[in-house]
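A.B. asks: Fold the following and give me the result.
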Amino acid sequence: MPVTRTATRALRKSQKRAERNKDIRRQIKNLVKEAKKARGDKNFEEVLVKTNQALDKAAKKNIIHPNKASRLKSRLAKQVNQEKTAEKKSTVKKVEKKKAKKS
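C.D. replies: Got it, this is the predicted structure:
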C-alpha cells in the first residue's frame, strides 16, 4: 500500500499502463495467430503488413522487446517466402512435365 500521495498517483499510473500494455500484447498475439491462419489466403500479404506494423509500434514503445518483434516478423516473412517458392516449384514441375510429354 502506497504511503505518500505521489506514490498513490504513481501506482494508479502504472496500473493504467500495465492494462494498456496487456491489451496491446494480446492484440499482437491475435494478429500473429491470424497471420499464421491466413497463410494460404489471398489477403495474407495485407494481414502480414498489419501484423508487422503492430509489432514495430509495440517495439518502439517498449511494450515488447525489439528483438522479439524482429524475430516474429522474420518468421512470418519466412513463411511467405516458403509459399512463394513452393508455388514456383509446382509451376516449374508442370512445365517440365508438359515438355517431357511433347518430346
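A.B. asks: drop to CA atoms for contacts and neighbour counts, all remaining ones
C.D. replies: Fine.
A.B. asks: L31: neighbouring residues, count only.
C.D. replies: 19 (other C-alpha atoms under 10 Å).
A.B. asks: Output the contacting helices and strands for the helix or strand hosting it.
C.D. replies: Using DSSP states H and E, L31 sits within helix 5-37. Identification of packing neighbours for helix 5-37 by 3 or more C-alpha pairs under 8 Å, 6 or more residues apart in numbering; DSSP states H and E yields helix 44-60.
A.B. asks: relative orientation of the helix it packs on and helix 5-37 in degrees?
C.D. replies: Between the axes of helix 44-60 and helix 5-37, defined by axes from the mean of the first three to the mean of the last three C-alpha atoms, to 10 degrees, the angle is 160 degrees.
A.B. asks: what sits up against helix 44-60?
C.D. replies: If you take C-alpha atoms under 8 Å, 6 or more residues apart in numbering as the criterion, helix 44-60 is touched by 24, 28, 31-32, 34-35, 38, 64-66, 69, 73, 76.
A.B. asks: in that helix, what counts as buried?
C.D. replies: Neighbour-count burial for helix 44-60 flags 44-45, 47-48, 51-52, 54-59 (criterion: 16 or more other C-alpha atoms under 10 Å).
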